[in-house]
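Colleague: the amino acid sequence is not available; the structure is as follows:
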């Protein structure tokens, strides 16, 4: 029963993050959605101690994004600011692979000409 509860919690968090991504500019949404999907898939067989840390960090991300979305309600995309700075303390706890992923994500999210050419629906 506890495993079912955990799966439900993970699925709920995953879905909530994807819903919050709908409020991001289209390029960041595409990038964020793909990153979230990859990370959640990558951690399906993680050890319990890693799962606890994973869930805590993604809960923090969801809370931060939710606050930023609510604070920016009604603003134009160009004036919206999303994200948070990582402290040196948090960075020291990252594994080399995580630092690499973070760097790649930073490069992709700050490219002037992103690899995605996504158009919003004009319905």
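Modeller: Thanks, I have the structure now. All of these numbers come straight from a predicted model, not from anything done at the bench.
Colleague: count of residues packed around residue 24?
Modeller: Number of residues near residue 24 (other Cβ atoms under 10 Å) recorded here: 19. (Each C-beta comes from the backbone N, C-alpha and C, glycine too.)
Colleague: and the gap between it and residue 47?
Modeller: Going from residue 24 to residue 47 by Cβ to Cβ, to the nearest Å gives 31 Å.
Colleague: now residue 97
Modeller: 15 Å.
Colleague: next: residue 101.
Modeller: 19 Å.
Colleague: who has more neighbours, those two?
Modeller: Set residue 101 next to residue 47 and count neighbours by other Cβ under 10 Å: residue 101 wins out with 16 against 9.
Colleague: same for the lengthiest helix in the chain, what does it pack against?
Modeller: Criterion DSSP state H: the longest helix present in the chain is helix 48-71. Packing contacts for helix 48-71, counted by 3 or more Cβ pairs under 8 Å, 6 or more residues apart in numbering; DSSP states H and E, involve helix 2-21.
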